[in-house]
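A.B. asks: here is a sequence together with a model predicted from it:
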Amino acid sequence: MTARPPGFIDAFTPSMLYAGDASGRPTYQFAYGCPRTALLPLEELKDALDRSLSAPLGRRLLQYGNLNGHPGLLEALVHRLRAWGLRNAAPETLLITCGSTQALDMVCRALGRPGGEAVTEAPGYPGFLGAAEVQGLSLLEVPLDGDGLDPERLEHCLASARERTGAVPSFVYLIPDYQNPAGVLLHPGRRQALVEVAARAGTVLVEDLTYHELRYDGPEAPPLGSLDPTNVVSLGSFSKTVCPGVRLGWICARRDLVLRLRRYGSLLGLSALLQEAVFLLIREGTYDAMLARYRRSYREQRDAMVEALSRHLGPGSGARFTRPQGGFFVWLELDPSLDADSLASRCERSGVYALPSRLFHPAGRPCPPGLRLAFCFEAKDRIAHGVEILARVLRGEARGAGRAAAG
């Protein structure tokens, strides 16, 4: 049996989350979508946890959690999701999950079947690629462009699958808002068309709204679930908008799908204490204040990365990049003559961590060379320094590729 190439999780090393390595050399973490540590809500969460435990029934929060989710958090989510346009949001159409990771696992197990097919964007989110691989799903890729997923390309993919196998893929997974890794926003004008394509084909759309509230500029766009609440499963996470440590996410779907999904959830519920704390943050307005702080900082960090890339990667550099309107990531599209894995390795040896495009496609699948750059973790001045180093390495790789082609 051929060994699987190293993947997304394999590429992670703890040193990526610190400002230097064992030798004292500075390192720059552009690899992973980790929130900036200095922004994390230490005082807000401490206060919410203290008040939760100090309440008359605080000891009950130390027991096993409610299998259906914390009632207060469910009601707070209903109010919030309806404000987004998800008019089917109700306690009975919601599930609380252990982050979006568990939500994706539940979706793959409930909607897919081993050996069956599903559709993903290309490049795609590694967390979904891994969940699909574990469940034995075969993934079909639809390439993204600057406006996200193209409805005509999706329709062609679904029609080709039906012609080839006699069945359509079980579901289509996409991140419509500031996609991970490409950073693009699904154009508002494409959203209704995508919903109609999926409905005609008889497949389900699964939209990941993890970055929906992290918009820095540009137009607002409605969730796909607001356009078709019966044929769209929406999911999200508090990892980017509260902190990864709370490990809380959610799924919103029609009631019969929720009942199917629930069979693959936690048998003993999630932390009642953490759910209570997040509920208090939302109810009292602290969550919105935190969001405003996150947006201000991430907008500045995004601008710092885009400005540094513009300064150091001009014509002839062998790279083009996106300017995302939200989210955590810039996608660096490389010249076809360059090797993304080699470039990422050379960058790492220079102290800059970035992830190559191979990790954003199903294992072993050929793909165009590119790098994902996360601007969310480092401060503005460190982003500028890290990009300068990356650009220097990239120019060296481009010169080497040019000499090889000439020789």
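C.D. replies: Looks like it came in fine.
A.B. asks: which parts of the protein are strands?
C.D. replies: 28-29, 94-97, 117-122, 138-145, 148-149, 171-174, 204-208, 232-237, 249-252, 319-321, 329-334, 352-353, 355-356, 370-374 (DSSP state E).
A.B. asks: which non-adjacent residue is nearest Arg295?
C.D. replies: Among residues not flanking Arg295 along the chain, Tyr216 sits closest, at 6.1 Å (CB to CB, 6 or more residues apart in numbering). C-beta coordinates here come from the backbone N, C-alpha and C atoms, glycine included.
A.B. asks: isn't Asp177 right next to Pro219, touching?
C.D. replies: No - with contact defined as CB atoms under 8 Å, Asp177 and Pro219 do not form a contacting pair (10.9 Å).
A.B. asks: joint contacts of these two?
C.D. replies: Between them, Asp177 and Pro219 share these contacting residues under CB atoms under 8 Å, 6 or more residues apart in numbering: Leu185.
A.B. asks: tell me which of the two has more neighbours.
C.D. replies: Asp177 (26 against 9; other CB atoms under 10 Å).
A.B. asks: okay, the more buried one: pLDDT?
C.D. replies: For Asp177, the pLDDT comes out at 98.
A.B. asks: could you do Arg399 as well?
C.D. replies: Looking at Arg399, the pLDDT reads 76.
A.B. asks: from Gly318, how far out is it?
C.D. replies: 9 Å (CB to CB, to the nearest Å).
A.B. asks: neighbour count winner among these two?
C.D. replies: For Arg399 versus Gly318, neighbours defined as other CB under 10 Å are more numerous around Gly318 (21 against 11).
A.B. asks: residue contacts, the more buried one?
C.D. replies: Contacts for Gly318 were tallied using CB under 8 Å, 6+ apart; they are Leu334, Asp335, Ser337, Leu338, Leu394, Arg395, Glu397, Ala398, Ala401.
A.B. asks: grab the nearest non-local neighbour of the residue nearest the centre of the chain.
C.D. replies: Geometric centre of the chain, nearest residue: Asn180, 4.6 Å, by CA atoms, centre = their mean. Spatial nearest neighbour of Asn180, excluding adjacent residues (CB to CB, 6+ apart): Tyr125 at 4.9 Å.
A.B. asks: what's that neighbour sitting at in phi/psi?
C.D. replies: phi -80, psi 120 (degrees, to the nearest 10).
A.B. asks: number of nearby residues for Arg164?
C.D. replies: 9.
A.B. asks: the one 4 residues further on too?
C.D. replies: In terms of burial, Val168 registers 20 neighbours under the definition other CB under 10 Å.
A.B. asks: contacting residues for it?
C.D. replies: Applying CB under 8 Å, 6+ apart, the residues near Val168 are Leu158, Ala161, Arg162, Ala201, Gly202, Thr203.
A.B. asks: counting only helices, which of these make the cut?
C.D. replies: Members of those lying in helices (criterion: DSSP state H): Leu158, Ala161, Arg162, Ala201.
A.B. asks: now do the contacts for the third one.
C.D. replies: By CB under 8 Å, 6+ apart, the residues touching Arg162 are Val168, Ala201.
A.B. asks: please apply the same query to Glu155.
C.D. replies: The neighbourhood of Glu155, defined by CB under 8 Å, 6+ apart, consists of Val197, Arg200, Ala201.
A.B. asks: quick one: buried ones out of the contacts of Val168?
C.D. replies: Neighbour-count burial (16 or more other CB atoms under 10 Å) applied to the contacts of Val168 gives Leu158, Ala161, Ala201, Thr203.
A.B. asks: distance to Ala363 and pLDDT for those - can I get that in TSV?
C.D. replies: Formatted as TSV, these follow (distance: CB to CB, whole Å; pLDDT from 0 to 100):
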residue	distance to Ala363	pLDDT
Leu158	23	98
Ala161	20	97
Ala201	26	97
Thr203	23	97
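A.B. asks: rewinding a little: farthest-apart pair in the contacts of Val168, please.
C.D. replies: With CB to CB as the measure, no two of these lie farther apart than Ala161 and Gly202, at 11.5 Å.
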